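S.K.: here's a sequence, model it:
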Amino acid sequence: METGLILIIEDDEPIRRLLRAHLKEAGWSCEEASQGDTGLTLVASLKPEVILLDLGLPDVDGTKLIPQLKAMTSAPLIVISARDQETEKVRALEAGADDYITKPLGLSELKARIKASLRRVVPFLSETQKSFGELVLDISARRVFLAQKEIHVTALEWKLLLLMARYPGKILTTAFLLKEVWGQESREQRHYVKILMAGLRKKLERSPTHTEFIHTEVGVGYRFYD
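M.R.: Model prediction:
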């Protein structure tokens with residue numbers, strides 16, 4: 001059974017009721033808000049482990065609420081929205097959301113996303129080794145092993161892999177990856193990420209049609225080890 005408090009900020013009462021029932025069945029506690037201002041108040045007072053946020057709130061656009069919520073808490077924030085356009089997803093993720101799920105919701109997927117969001121790597125920098133299934137990153141030695149076999153990666157590939165490993169299960173936008181790896185971002189440079197990802201996939205993935213470590217979120221970015 002899972003534990004911890006989940007805050008649901010959603011104005012649709014039937015959806016809140018559905019989410020509450022399934023999340024409580026899994027073991028989580030739930031609190032709810034139907035408006036953004038109430039959600040902010042509850043975040044401050046309850047300090048939830050996870051926030052589920054709808055974008056279409058009656059008092060505020062949820063995308064504008066994301067930076068305020070993230071300024072108050074380090075809890076993972078998962079957007080649940082009927083807005084399925086790529087531009088909306090990118091806006092929410094760049095505003096600080098940790099994940100984005102479109103309605104209608106797949107409840108099994110939602111539970112998996114919540115669990116993934118809670119796999120935090122707080123003491124990451126002090127660790128000497130990080131494992132993801134058969135993939136092992138030897139952080140102190142800057143070496144990569146897959147199924148106990150060493151895989152050679154370039155300096156840029158290592159930097160990108162280490163960055164993604166800090167956020168397992170989280171969607172990382174192309175703009176974020178460019179800024180963190182290259183120090184700047186522009187549309188003209190976005191092909192750099194595709195080239196680097198393609199190189200890493202050839203080295204890490206056993207099948208080009210069934211990815212295990214690097215998942216593409218079309219038009220948005222990438223998700224690592226989901």
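S.K.: what about the residue nearest to the spatial centre of the chain, distance to His215?
M.R.: Per C-alpha atoms, centre = their mean, the C-alpha nearest to the average position across the chain is that of Lys170, at 2.0 Å. According to C-beta to C-beta, to the nearest Å, Lys170 stands 11 Å off from His215. All C-beta spots, glycine's among them, are computed from the backbone N, C-alpha and C.
S.K.: what of Ile15?
M.R.: Noted for Ile15: a distance of 26 Å to His215, by C-beta to C-beta.
S.K.: out of these two, which sits in the more crowded spot?
M.R.: Ranked by neighbour count (other C-beta atoms under 10 Å), Ile15 and His215 place Ile15 first, with 17 against 14.
S.K.: which SSE is the more buried one in?
M.R.: If you go by DSSP states H and E, Ile15 is part of helix 13-26.
S.K.: part of a strand, is Tyr167?
M.R.: No: under DSSP: H, G, I helix; E, B strand; the rest coil, Tyr167 sits outside any strand and is assigned coil.
S.K.: follow-up on the earlier one: what packs against the helix holding Ile15?
M.R.: Judged by 3 or more C-beta pairs under 8 Å, 6 or more residues apart in numbering; DSSP states H and E, helix 13-26 is in contact with strand 5-9, strand 29-33, helix 107-117.
S.K.: at 6 Å what do you get?
M.R.: If you count contacts as 3 or more C-beta pairs under 6 Å, 6 or more residues apart in numbering; DSSP states H and E, helix 13-26 packs onto strand 5-9, strand 29-33.
S.K.: and the first one, average pLDDT?
M.R.: Confidence over strand 5-9, taken as the mean pLDDT, stands at 96.
S.K.: quick one: contacts of it?
M.R.: Strand 5-9 is contacted from outside by 16, 19, 23, 28-33, 39, 42, 48-53, using C-beta atoms under 6 Å, 6 or more residues apart in numbering.
S.K.: now with 8 Å?
M.R.: The contact list for strand 5-9, computed with C-beta atoms under 8 Å, 6 or more residues apart in numbering, reads 16, 19-20, 23, 28-36, 38-39, 42-43, 46-54, 57, 62, 65, 114.
S.K.: quick one: buried residues of the helix holding Ile15?
M.R.: Buried residues in helix 13-26, counted by 16 or more other C-beta atoms under 10 Å: Ile15, Arg16, Leu19, Arg20, His22, Leu23.
S.K.: can you state the direction angle for that helix and strand 5-9?
M.R.: Put simply, helix 13-26 runs at 170 degrees to strand 5-9, going by axes from the mean of the first three to the mean of the last three C-alpha atoms, to 10 degrees.
S.K.: what's the angle from helix 13-26 to strand 29-33?
M.R.: Computed by the same axes, to 10 degrees, the angle separating helix 13-26 from strand 29-33 equals 160 degrees.
S.K.: which parts of this structure are helices?
M.R.: Counting by DSSP state H, the chain has helices at residues 13-26, 36-46, 62-72, 86-95, 107-117, 155-165, 174-182, 190-204.
S.K.: and the longest one, how far from the chain's centre?
M.R.: Chain-centre distance of helix 190-204: 20 Å, with C-alpha atoms, centre = their mean, to the nearest Å.
S.K.: quick check: mean pLDDT across that helix?
M.R.: So the average pLDDT for helix 190-204 ends up being 90.
S.K.: with the fifth one instead?
M.R.: Within the predicted structure, the mean pLDDT of helix 107-117 is 88.
S.K.: so what secondary structure elements neighbour that helix?
M.R.: Helices and strands touching helix 107-117, by 3+ C-beta pairs under 8 Å, 6+ apart, are helix 13-26, strand 50-53, strand 77-81, strand 99-102.
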